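*Asks:* Any chance you could fold what I've pasted below:
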Amino acid sequence: MKTIKIWNDSPSDRQLTEIARDLEMGQIMVFPTDTLYAIGCDALDVKAIDRICSLKRINPDKSNLSIICSDISMASEYCRIENFGYKLLREYTPGPFTFLFRASSSLPKAFKGRKVVGIRIPDNNTDREIAARLGHPILTTSIEYDDEDYAINPGLIAERYSDHIDFFIEGEDGSTECSTIVDCTGNQPEIVREGKGEIFL
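*Replies:* Below you'll find the model as predicted:
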């Protein structure tokens, strides 16, 4: 496992090129977000998604998978967004929220089971820059931990996942606070999990 250190949430052009190349090759990573550190891969790479689902013991038919997009324009390519959804995205992103929308056919088969995708446009410049350089979203799922130190300390996070991932993006200290999830698949948005950040519906 290699480590890519990014200071002050400001990746260099060389780092972005390297990360995008590795993701395009099917590699998986652990990386910082505006909430918990997360495990991620190219969201259009079915084999890489399968690796992450196996690592996290996720059944994609029964769990909503989330993707990180660089901006609202990218998000709109991979899900169906109603007018109220656009309003929420404009008001609350970038931010620590996951918005559930109906998935579009441009997502791979791993997303088709429940036909719902979580959209993240995090308040983390590195994540958005990676998605932009990649040209499409990053699949994301939070790391698992038994001790809070293994969610916060980048060195301990790297130690925990060193045998399971291809590379680690080391940023600032992590968090134990998850994103707030807002279900936008119905006629009205609904908060289904309270987490970091306040949102008014």
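*Asks:* And Ser76, how far from Leu89?
*Replies:* Going from Ser76 to Leu89 by C-beta to C-beta, to the nearest Å gives 9 Å. The C-beta positions use only the backbone N, C-alpha and C, and glycine is treated the same way.
*Asks:* Also Gly26?
*Replies:* Distance, Gly26 to Leu89, using C-beta to C-beta: 29 Å.
*Asks:* When these two are compared, which one has more neighbours?
*Replies:* Using other C-beta atoms under 10 Å as the criterion, Gly26 and Leu89 rank with Leu89 on top: 23 against 15.
*Asks:* dump the residue contacts of the more buried one.
*Replies:* By C-beta atoms under 8 Å, 6 or more residues apart in numbering, the contact list for Leu89 reads 72, 75, 81, 99, 119, 121.
*Asks:* how about 6 Å then?
*Replies:* Leu89 makes contacts with Ile72, as judged by C-beta atoms under 6 Å, 6 or more residues apart in numbering.
*Asks:* For the helix or strand it falls within, buried residues please.
*Replies:* Using DSSP states H and E, Leu89 sits within helix 83-92. Residues 85, 88-89, 92 are the ones in helix 83-92 that count as buried (16 or more other C-beta atoms under 10 Å).
*Asks:* now the residues you listed as JSON lines including pLDDT?
*Replies:* Listed next are these as JSON lines, based on pLDDT from 0 to 100:
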{"residue": "Gly85", "pLDDT": "96"}
{"residue": "Leu88", "pLDDT": "97"}
{"residue": "Leu89", "pLDDT": "98"}
{"residue": "Tyr92", "pLDDT": "98"}
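*Asks:* So the residue located most distally from the centre of the chain, which state does it fall into?
*Replies:* Each residue of the chain has a distance to the centre, and by C-alpha atoms, centre = their mean the biggest one is for Asn187: 25.2 Å. Of the three states, Asn187 takes coil under DSSP: H, G, I helix; E, B strand; the rest coil.
*Asks:* re the thing from before, which SSE is immediately downstream of the helix holding Leu89?
*Replies:* Sequence order places strand 97-103 as the next helix or strand after helix 83-92, per DSSP H and E.
*Asks:* Restrict that next one to CA atoms and write it as CSV.
*Replies:* What follows is strand 97-103, C-alpha atoms only, in CSV (Å, rounded to 0.1, in the frame of the first residue of the first chain):
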residue,chain,number,x,y,z
PHE,A,97,-24.8,15.5,3.4
THR,A,98,-25.8,12.4,1.4
PHE,A,99,-28.8,13.0,-0.8
LEU,A,100,-30.7,9.9,-2.0
PHE,A,101,-32.0,10.0,-5.6
ARG,A,102,-33.2,7.6,-8.1
ALA,A,103,-30.2,6.2,-10.0
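*Asks:* Please identify the buried residues of it?
*Replies:* 97-101, 103.
*Asks:* Quick one, which of these has the minimum pLDDT?
*Replies:* In terms of pLDDT, the lowest of the buried residues of strand 97-103 is Ala103, showing 90.
*Asks:* now the strands for this protein?
*Replies:* Under the criterion DSSP state E, the chain contains strands at 2-5, 29-31, 38-42, 65-68, 79-80, 97-103, 116-120, 138-142, 167-170, 180-183, 190-193.
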